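In: Okay, sequence plus prediction incoming.
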Amino acid sequence: MMHRSAIDYLVEWKTRPRRKPLVIRGARQVGKSYLVSMFAEQNFSDYIEINFESDHEIKSLFSGSPEQIIKLLELRFNKIIDIENTLLFLDEIQAAPEVFAKLRYFYEDLPDMHIIAAGSLLEFILEDHTFSMPVGRIEYLHLGPMTFEEFLTASGKTMLVEYIENYSISEDFPDPVHSQLVALFKTYLIIGGMPEAVQAYLEKGSFHESEIVKASILETYADDFNKYASRVNHLRILNLFKKVPLIVGEKFKYVNIDRHDRAQSIAKSLHLLELAKITYCVKHSACNGVPLGSQVNEKKFKLIFLDVGLMATACGMSMIDIEHVDDLMMANSGSLCEQFVGQHLLYLDEFYKKPELFYWVREAKNSSAEVDYVISLGVQIIPVEVKAGKTGRLKSLHQFIKDKKVRLAVRINLAKPNILKDSHKLPGGESVEYKLFSIPFYLAGQIRRLLREI
């Protein structure tokens, strides 16, 4: 069984007094259906799953009131539905938008019913709804790929998970444990966090089996583009889909996608990939205060892919390329590392919050600078630099510290965790003093908890 930490959130949702129907948002094959079935198995005496893509006729049962719907479902499934002890799962609900609109009435008229909805292309009906949206009558859970910690748990490394989740920066990190976690991190870089790919690897102990699954997932995404045909030419979006894994971490330039295509047309394709949760825009923020999203320049952004394992497959990277390399830049894997950190920072917040990610860039003659990611901790703004090896220059970080007058920065690399007080003289003669918190990649998911200790 592959445990997902979102289970804990679902348990909390189940016991909430004013519980609303829950809608799970996430890309195709991140494990939405598996999460719900696992939750149902552990917490309910009965479970009804309806898939609107595979059963087109069943949506006709949802035309009446919630009470009438329940009676019709009892006939359809030939059993009495115990409202308080049954979970009703409406899967692929994007195929039945009129049913999605009905969720508000379950909240208003039958609030004791436990209802979860999900869909792989759900974002499309949320954007183009021609029905009355159940605003304020539903709540969301945002689900991404399995995290590194979830990958370790699935691998049976529960003691390692417990160790890193309880690790304090005041402790010395044992070398053997560090080496073990670095090796597992490199494995995760290639396998990634798509549940089916993880399962294939763990069942067979074979990277090849995982590659077959990931290639199939990528092909499934490409096949989905035909469903976007009314919005944009599917060949145009397919071209962008193939380019994104190759440009992770780079400032997005339309001309680098297709110099013969209009920026507006490429932007439409990018928007569709965002809706499908296949790619995320990392937006430039001025970083003058919190929230970081209030100071975004929409014209400056870079992209990350859905999952580092899918990215590795799309880029033709294998375990042979990185297994025995201490500096992943030497293996051309710097962008894989930035992707790994990005997808973990993206889901740092509570599951109900929409994932968002920021970076900082200054474009000036002879003094350009870019910080890979910027996060907030309360009112603090904290720059995060990703270094694929154990060392690396921090020129841009120093410029950010000077401009934004912050006193704490994070470096994520392959070295053991440490904190040092750094003083650096800038080219103009001015000095900056700050605390540099260095953590290894395998602690990226613990970054906020550890920062609170400083």
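Out: Received, thanks.
In: quick one, strands of the stretch 301-450 of the chain?
Out: For the stretch 301-450 of the chain, strands defined by DSSP state E, counting those that start in this stretch occupy the ranges 357-362, 369-377, 380-386, 408-413, 418-425, 431-440.
In: want to try TSV for these, with mean neighbour count as columns?
Out: Glycine gets a C-beta too; all of them are placed from N, C-alpha and C. Below are the strands of the stretch 301-450 of the chain laid out as TSV (neighbours: other Cβ atoms under 10 Å):
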stretch	mean neighbour count
strand 357-362	21
strand 369-377	20
strand 380-386	22
strand 408-413	22
strand 418-425	12
strand 431-440	18
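In: Lowest average pLDDT across these?
Out: Lowest mean pLDDT of the strands of the stretch 301-450 of the chain: strand 418-425, a mean of 90.
In: helices or strands next to that one in the packing?
Out: Strand 418-425 sits against strand 431-440, with contacts defined as 3 or more Cβ pairs under 8 Å, 6 or more residues apart in numbering; DSSP states H and E.
In: Give the pairing partners of the strand it packs on; include direction for each.
Out: Strand pairing for strand 431-440, determined by DSSP bridges: strand 408-413 (parallel), strand 418-425 (antiparallel).
In: Same list (the ones you listed) but as CSV, adding distance to Leu240.
Out: Converted to CSV, those look like this (distance: least, Cβ to Cβ, whole Å):
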stretch, distance to Leu240
strand 408-413, 28
strand 418-425, 39
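In: quick one: which of those strands is nearest Gln295?
Out: Nearest to Gln295 among the strands paired with strand 431-440 is strand 408-413 (19.0 Å), distances taken as Cβ to Cβ.
In: Now do the helices in the stretch 151-300 of the chain.
Out: 158-166, 175-191, 195-204, 207-224, 234-243, 263-275 (DSSP state H, counting those that start in this stretch).
In: so where's the chain uncertain?
Out: 128-133, 229, 321, 323-332, 389-392 (pLDDT under 70).
In: The spatially closest residue to Ile217 that is not a sequence neighbour: neighbour count?
Out: Leaving aside its sequence neighbours, Ile217 sits nearest to Gln29 (Cβ to Cβ, 6 or more residues apart in numbering; 5.5 Å). As a burial measure, Gln29 scores 22 neighbours (other Cβ atoms under 10 Å).
In: The closest residue to Leu184 other than its chain neighbours and Ala183: what is the separation?
Out: Nearest residue to Leu184, sequence neighbours excluded (Cβ to Cβ, 6+ apart): Leu152, at 6.6 Å. Using Cβ to Cβ, to the nearest Å, we find Leu152 at a distance of 12 Å from Ala183.
In: can the strands of the stretch 301-450 of the chain go into a markdown table with extra columns for distance to Asp82?
Out: Output for those, formatted as a markdown table (distance: least, Cβ to Cβ, whole Å):
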| stretch | distance to Asp82 |
| --- | --- |
| strand 357-362 | 42 |
| strand 369-377 | 44 |
| strand 380-386 | 48 |
| strand 408-413 | 49 |
| strand 418-425 | 54 |
| strand 431-440 | 48 |
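In: how about those, which one is nearest Lys395?
Out: Using Cβ to Cβ, the nearest of the strands of the stretch 301-450 of the chain to Lys395 is strand 369-377, at 7.0 Å.
In: Could you verify my assumption that Ile83 touches Ile70?
Out: Yes - using Cβ atoms under 8 Å, Ile83 is in contact with Ile70, at 7.5 Å.
In: Of the two, give the one with the bigger neighbour count.
Out: For the pair Ile83 and Ile70, the greater number of neighbours falls to Ile70 (19 against 13), based on other Cβ under 10 Å.
In: Tell me if I'm right that the more buried one and Ile81 touch.
Out: Yes - if you go by Cβ under 8 Å, Ile70 and Ile81 touch, sitting 5.5 Å apart.
In: re the thing from before, could I get the contacting residues of the residue nearest to Ile217?
Out: By Cβ atoms under 8 Å, 6 or more residues apart in numbering, Gln29 lies in contact with Ser120, Met194, Pro195, Glu196, Ile217, Thr220.
In: and the gap between it and Leu310?
Out: Distance from Gln29 to Leu310, by Cβ to Cβ: 10 Å.
In: tell me, what's touching the two both at once?
Out: Common neighbours of Gln29 and Leu310 (Cβ under 8 Å, 6+ apart) are Met194, Ile217.
In: Quick check, central residue of the chain?
Out: Nearest residue to the geometric centre of the chain (Cα atoms, centre = their mean): Gly144, 3.9 Å.
In: Make sure I have this right: that residue is in a helix.
Out: No - counting by DSSP: H, G, I helix; E, B strand; the rest coil, Gly144 is not found in a helix; it is coil.
In: Surely it touches Pro355?
Out: Yes - in this structure, Gly144 is within contact of Pro355 by Cβ under 8 Å, at 7.0 Å.
In: what residues do these two have in common as contacts?
Out: By Cβ under 8 Å, 6+ apart, Gly144 and Pro355 have these common neighbours: Leu346, Tyr347.
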